[in-house]
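# from the sequence below, what's the structure:
(one chain, ligands or ions: 2)
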Amino acid sequence: MSYDALLWLSFGGPEGPDDVRPFLENVTRGRGVPPERLDEVEQHYRHFGGVSPINALNRAAIAAVEELVDLPVYFGNRNWHPMVEDTVARMKADGVRRALVFPTSAYGGYSACRQYDEDVLRARAAVPDAPELVKLRQFFDHPLFVESFADAVRTAAADFADYRLVFTAHSVPLSADRAAGPPEEGGHRYSRQVAEASRLVAREVGAAEYDVVWQSRSGPPEIPWLEPDVVDHVEALREWGVANVVVCPIGFVSDHLEVVWDLDTEARDRAAELGMGFARAATPNGDPRFARLVAELVAEHLSGAPVRKLSEFPAAGCTVNGAPCAPLCCEPAKRPAR
Ligand SMILES: CC1=C(CCC(=O)O)c2cc3nc(cc4[nH]c(cc5[nH]c(cc1n2)c(C)c5CCC(=O)O)c(CCC(=O)O)c4C)C(CCC(=O)O)=C3C
Ligand SMILES: [Fe+2]
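Ligands and ions are numbered 1, 2, ... in the order given. This is a model prediction of the structure:
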């Protein structure tokens, strides 16, 4: 099959103070996130002048990928401008008939995978005679993803004689994690893939012991989410006598707001209060290997290049026109009405 474009599909983030509230409303519409939580998160964005780094990081990554792939690259988001509906309309106007889609999330699960399929569905529904959109697979176990995190951990840990390695990813409701993956796999595809990527990176850096924890919990407090939280975990490590902690944000591809606030601000400040050494590993977006990774995923489709992966998980997430990977795969959770 031939493709005439690559669509870079991401989360989106505000680019000025007036964008913050409408962006947050887009993210949380119909999701039962309490207004108090929204007020709190609004302050995190205000702390950085209402600008999330995510759109600029995506634009820089796109420029790097354009050097390596022979397709025009378009940029569209789920929650903020450029909105994916508008981008797909522009692709159509430019004569694009079939495009690959790179989602900026490496994992399975509803928020990390299926919701990007829903974005593709929504965008195609908004554009008459829309291009065919084929989403690229999950890449949490790609050797370039693992190597770039492993190098980032080594760099972050360079000043410590001894340290505890802590991986962190975005928490999700336990119900969503239970529903992640096709039912016959037994659920928990998201947390199991996060654990597997962590294991691969820890093996690469030779860390015999490490932890996998969660961050950026949202939603109403009565709903259980994946735990422990990274800040609570830093406190627990202090009690165990750990002197230095290196946090690796394995769940993300770029240093966006959840990284620069929840890790570089909250977790770092807590570690400092407790007298602990703290360092945070860089995310792959700043590493030239990230563009190569994307180019390799594209080449799997354009030239039948080999599927490079380090885990036993089936290659998944490659979907056509927003249809789920498999029946009931990563079903959206029933959310409490609010
Ligand atoms: C698994 C996962 C990823 C990783 C996969 C991927 O990368 O896609 C991720 C990424 C991100 N999450 C982000 C921001 C937010 N996530 C929120 C809320 C939520 N995230 C969830 C999950 C995830 N989120 C969930 C289950 C919710 C509850 C609401 C719902 O059920 O959907 C909220 C609402 C406020 C709040 O935090 O309560 C915000 C502002 C940003 C952008 C940061 C920036 O602006 O730089 C990014 C990359
Ligand atoms: Fe999120």
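
# rest of the way, CA atoms for contacts and neighbours
OK.

# helices of this structure, start to end?
Using DSSP state H, the helices of the chain run over 20-28, 35-47, 54-66, 84-93, 115-126, 143-157, 174-178, 189-205, 230-239, 257-260, 268-273, 288-302.

# the last one vs helix 54-66, what angle?
Compare the direction of helix 288-302 with that of helix 54-66 by axes from the mean of the first three to the mean of the last three C-alpha atoms, to 10 degrees and you get 60 degrees.

# also the second one?
Orientation of helix 35-47 against helix 54-66 (the same axes, to 10 degrees) gives an angle of 60 degrees.

# one step back: need the helices of the chain in TSV (columns: distance to ligand 1, mean pLDDT and mean neighbour count).
As requested, those are exported to TSV (distance: least, C-alpha to the nearest ligand atom, whole Å; pLDDT from 0 to 100; neighbours: other C-alpha atoms under 10 Å):
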stretch	distance to ligand 1	mean pLDDT	mean neighbour count
helix 20-28	5	97	16
helix 35-47	6	95	15
helix 54-66	5	98	18
helix 84-93	14	98	20
helix 115-126	8	98	20
helix 143-157	14	98	21
helix 174-178	8	97	20
helix 189-205	8	98	22
helix 230-239	15	98	18
helix 257-260	4	96	22
helix 268-273	18	98	16
helix 288-302	15	98	19
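
# for my notes, please list these in TSV and give distance to Arg308 for each entry.
Formatted as TSV, the helices of the chain follow (distance: least, C-alpha to C-alpha, whole Å):
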stretch	distance to Arg308
helix 20-28	33
helix 35-47	37
helix 54-66	18
helix 84-93	29
helix 115-126	22
helix 143-157	7
helix 174-178	26
helix 189-205	14
helix 230-239	31
helix 257-260	27
helix 268-273	35
helix 288-302	9
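
# Glu132 is nearest to which of these?
helix 115-126 (8.4 Å; C-alpha to C-alpha).

# which helices and strands does the closest one pack with?
For helix 115-126, the elements it packs on are helix 84-93, judged by 3 or more C-alpha pairs under 8 Å, 6 or more residues apart in numbering; DSSP states H and E.

# can you give the distance of the helix it packs on from its chain's centre?
How far helix 84-93 lies from its chain's middle: 23 Å, per C-alpha atoms, centre = their mean, to the nearest Å.

# got it, and stretch 29-41?
Between the centre of stretch 29-41 and the centre of its chain there are 20 Å (C-alpha atoms, centre = their mean).

# what do you get for stretch 98-106?
Distance, centroid of stretch 98-106 to centroid of chain: 12 Å (C-alpha atoms, centre = their mean).

# contacts for it, please.
Residues outside stretch 98-106 that contact it (C-alpha atoms under 8 Å, 6 or more residues apart in numbering) are 2-11, 112-113, 116, 131-136, 138-140, 251-253, 294, 298.

# is ligand 1 contacted by it?
Yes: judged by C-alpha under 6 Å from any ligand atom, stretch 98-106 and ligand 1 are in contact via Ser105.

# could you pull out the buried residues of that stretch?
Of all the residues in stretch 98-106, those buried under the rule 16 or more other C-alpha atoms under 10 Å are 98-106.

# so for it, what's the average pLDDT?
Stretch 98-106 comes out with an average pLDDT of 98.

# could you dump it to CSV, C-alpha only?
Extracted in CSV, the C-alpha atoms of stretch 98-106 (Å, rounded to 0.1, in the frame of the first residue of the first chain):
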residue,chain,number,x,y,z
ARG,A,98,-3.9,7.6,2.8
ALA,A,99,-1.8,8.6,5.8
LEU,A,100,0.1,6.8,8.6
VAL,A,101,-0.6,8.1,12.1
PHE,A,102,2.1,8.4,14.8
PRO,A,103,0.5,8.7,18.2
THR,A,104,2.8,10.2,20.8
SER,A,105,2.2,7.4,23.3
ALA,A,106,4.1,4.2,23.4
